[in-house]
Every structure is written in C-alpha cells, then in structure tokens.
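In: Quick one, what's the 3D model for this:
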Amino acid sequence: MGKPTGFIEIRRSKPHARPIELRVRDWNEVYLPESESDIREQGARCMDCGIPFCHQGCPLGNLIPEWNDLVFRDRWQTAIERLHATNNFPEFTGRLCPAPCEGSCVLGINNDPVSIKSIEVSIVERAFEEGWIRAQPPTSRTGRSVAVVGSGPAGLAAADQLNRAGHLVTVFERDDRIGGLLRYGIPEFKLEKRWLDRRLGLMAQEGIVFRAGLNIGVDVPVSALRRDFDAIVLCGGATAARDLPIPGRELKGIHFAVDFLTQQNRLCEGDSVPEDDRISAAGKHVVIIGGGDTGADCLGTVHRQGAVSVSQFELMARPPDSRASDNPWPLWPTIFRTSSAHEEGGDRVYSVSTERFIGDSGQVRSLQAIRGEMVRDGGRLRFVALPDSSFEVKADLVLLAMGFVGPEKNGLLTELGVKMTDRGNVWRDDHWMTSERGVFTAGDMQRGQSLIVWAIADGRSAARGVDAYLMGRSSLPAAVA
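Out: Below is the predicted model of the structure:
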C-alpha cells in the first residue's frame, strides 16, 4: 500500500475517450491511452485490503493489489510479470472485460471502486513499448502434440499454456483468420485488430502453429485429429445464435448480430463484400433487439455506418442507478450502465417484446412491439404484456442480438459423439475432459455464452488437465475448477 490515504484523497477518474463527433467517423478505438502520472495516481487508491475481494471477482484470480501497488511505486516491469502470472492476454481483458473485479472492490462499498481495468491495460501497453514482452519459446519439448479447435480467447489461452509446458500445439480455425470472437465478433472501435495480430505473432514465434480456414468435422475429419494428435481441446464457442421466430421473420433486412458484426470486421480488415450481400445501416431506421454487450456493439457500428435512427430493445426493465437491496456488495452490481456506444446516440427502450415484423415487397419496414413487465413464476421470470400497449416502430434494418443457445452440434460434435449437458453445452469432468478420452473442452462450448475473462480462465484450467493427462502430472496453474 504505497499511499495509505490514497483512497481518501484521490477520486476515481474516467478513461479519456475521443470526442464523439470524431470517433463516429472512423473505426479507431474509442479510448485514449492514460498518462503514466494518472495511472500511478489511480493505483494509489488501492487500499491493501485484509481480504482483497477483487480476487474473488476476477475469474483469473489476478493479483490486483500487487500490481496496483507496483504501478504506484513506478515498478512497471515487475507489474507486468505479476499480471502475466495469471493472465495470458491482459491487452484483451484490459479493453474488453466488464471488470467484475471492480464490482467486488472493497472501496466500492461506499465509494467508486479502483479503476483496475485502466491500470491493467496501461501496464501491458507500457510493457510492449519498453520491449519487456517478447517471444519466449519453451527450452525443451515433450514430444506430445495437442490440437486446439477454435482460436477464440479460450483456445488461445489453452494453446499458450500448453506450448509453455513444451507440447507441440496446433490451433485450427474454421474462419479465414485466427482470433475467433476477438477477430470477428468484437468491433474495431473496441479492439483494434493490430493488438490481436501483435500477440498472435508472438505466439507463432514461440512455436504455436496456426491453421485457419479448416473446419474440423467438415473440411478435415475428426479421425485425422485423433490419429495425428495425442490430445484435442474443443474451444469452438457457443455460436448458435438465438432466433426470434415471430410473424415476418422471413423478411429481408432482419439479421443476426453476429453476421452483421462479422461482416463489418471483414470490411475493416480490407475484405470486399458484394453490394448485394452487404448489411449496411446507412440511411436506415435500425432496431436492435437485445440490450446486452452485443447489442451495444451493434449500436456503435450502426452509428459509424450512418443510420438515420436507432432503437435498442430490451425485454427486461431498466436497471436501477445504484445497487438494489437484493444486490449487495460484493455481488456484481446490476445497475444502469452507459457504454461508449450509448453515449453516441440512439434510444434505449426497456420492458418491450417484439410481436411481429411488418414488410413491403419482401423487405422489413417496421415492427410491432408491446410493453410489459417481468414477473416471477415458479422461480423463473416471464414477460407479461400490458393491455393496450402495442406500438409500431420504423425499421429498415433489424439486428437480433439476443445471445446464443450453445455450440453448433452438426459436424465436429456429432462426429466425436461427446456427451452434452441438459443446457446443450459440451459435458466435461473435473479435469476438463469430455466423455471421449483424450478430448477436452474449454470456454463457451462447455460453459455457455460468457465473458472473455471466463474463456481465458477456462482455457488455462483445461490446459492443466491436458498436461496432466499427457504427462501424469502438471505444474501449470489452473484458474477455475
């Protein structure tokens, strides 16, 4: 605890963002780098708690008070060592994680929590600038080989850990580029892909082999992986999007959010998309159905594409501005939040359900929705419509951002014959092995849709299970059970 009175004297500072009128004209990241003096000052707010609940809030178990204090003391190189001890990719989590650690920060009981996320990304970027982060191939190899299927955060974390243990790791990705959700699901204004490419370059230098454009179970039979590798790790994510089967769903102009975001990310990569296939919000009235992070990603994207108007629908009621009585610390605070995309405009409409899409000549032109409220029925919430509350909204483009229902079953999972859970995810045991010996799983494929920080934690833990299976024991750290 470098400054015992820091949490009293210093207020939490908000990350500095580029002006709205400038950032909506391009795809560059919204937030600007923080100055060293500001970050060191924010690190001084950490209280050296007797029990640091931020450890509990972080799925990775990040050593947050340690690197907060190291930053305040200007010991940045030691700070990145402590940060990398638990987190393979702090440049991703520092930009994308919703920071559950901040939700359980002890200072947050009666004050603004420590700005942990800003400190995290500042540490890793300073480390890259100084050249402290460089390729470190393993000194020896075990001779065992592992195939990682899926190159999102879980797959990359598992691959990184297994490579460090000395195994020969090959990462397979069905898309044309490596990165999974990080590449095509996250907008450029939240994560410029140069940061992803920077880390992938390091991993390749360390000996990891990346093979993009191969759909295992379609382009390559699973039997080939079983033959050529000693273990397989399934990290394909939860990519089956939740649909909205209501009247008018067949109309043109209604798209899954993931398809919309993927296409824009491809355009940012320099790919060409035929005009007839392009999903564009330019000059259109847009409705986004889904009030979560994916919906916000769509919101920021349609602003930059030039939408005339945009409404974001949410089935649930508007969260309170502060913690409710049934949402005490250190639980994740379910409160009203405003993302950078929301700051840029658009209407947020709560407690509504879409009843039908209305079209003209096969193209959606509007939708009919109804207001209501969520009521608890037998332990579950359900939407109850209010009488005479229907309304119609213009909509030339509708984006379905209602989450995902689990992994895609056809192909890889069907051919492997792995056991599934009641929720439709891949079953695994306490060692992260599926029902098929030598086949492991991590990330959203076994958890269901979740956070990037959980995916990295899962990948690290699964890597330990794989290492123990191959070698009889493992010294790799595991983040979660």
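In: Please verify my assumption that residue 244 contacts residue 313.
Out: No: using CB atoms under 8 Å, residue 244 is not in contact with residue 313; the gap is 10.5 Å. In this view, the C-beta of every residue, glycine as well, is placed from N, C-alpha and C.
In: So these two - more neighbours on which side?
Out: residue 313 (24 against 16; other CB atoms under 10 Å).
In: ok, now which ones touch the more buried one?
Out: Counting by CB atoms under 8 Å, 6 or more residues apart in numbering, residue 313 touches 287-291, 349, 352, 354, 369.
In: export these to CSV and tack on secondary structure, neighbour count and pLDDT?
Out: Output for these, formatted as CSV (DSSP: H, G, I helix; E, B strand; the rest coil; neighbours: other CB atoms under 10 Å; pLDDT from 0 to 100):
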residue, secondary structure, neighbour count, pLDDT
287, strand, 27, 98
288, strand, 31, 98
289, strand, 26, 98
290, coil, 21, 97
291, coil, 22, 95
349, strand, 18, 98
352, strand, 22, 98
354, strand, 21, 98
369, strand, 23, 98
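In: Now list whatever residues contact both of residue 244 and residue 313.
Out: 289, 354.
In: circling back: which one of the contacts of residue 313 is nearest to residue 89?
Out: residue 290 (26.2 Å; CB to CB).
In: Could you pull up the residues touching that closest one?
Out: 257, 312-314, 399-403.
In: So which of the residues you listed is the closest to residue 60?
Out: Nearest member of the contacts of residue 290 to residue 60, counting by CB to CB, is residue 403, at 23.1 Å.
In: per-residue confidence for the closest one?
Out: For residue 403, the pLDDT comes out at 95.
In: Distance of it relative to residue 295?
Out: 10 Å (CB to CB, to the nearest Å).
In: who's more crowded, these two?
Out: residue 295 (24 against 16).
In: Leaving out the residues flanking it, which one is nearest to the more buried one?
Out: residue 401 (4.0 Å; CB to CB, 6 or more residues apart in numbering).
In: Roughly how far does that neighbour sit from residue 476?
Out: Distance from residue 401 to residue 476, by CB to CB: 36 Å.
In: Tell me which helix or strand residue 390 sits in.
Out: Residue 390 belongs to strand 380-394 when assigned by DSSP states H and E.
In: Enumerate the positions of that strand that are buried.
Out: 385, 393-394 (16 or more other CB atoms under 10 Å).
In: who touches that strand?
Out: Contacts of strand 380-394 (CB under 8 Å, 6+ apart): 285, 287, 309, 311, 315, 353, 355, 358, 365-375.
In: on that earlier part again, so residue 401 and residue 476 - more neighbours on which side?
Out: The neighbour comparison of residue 401 against residue 476 (other CB under 10 Å) goes to residue 401, with 25 against 17.
In: List the residues that contact that one.
Out: Residue 401 sits in contact with 257, 288-290, 292, 294-295, 297-298, where contact means CB under 8 Å, 6+ apart.
In: same thing but at 7 Å, please
Out: 257, 288-290, 292, 294-295, 298 (CB atoms under 7 Å, 6 or more residues apart in numbering).
In: any idea which of the residues you listed is the one closest to residue 202?
Out: Nearest to residue 202 among the contacts of residue 401, with distances taken as CB to CB, is residue 294, at 28.5 Å.
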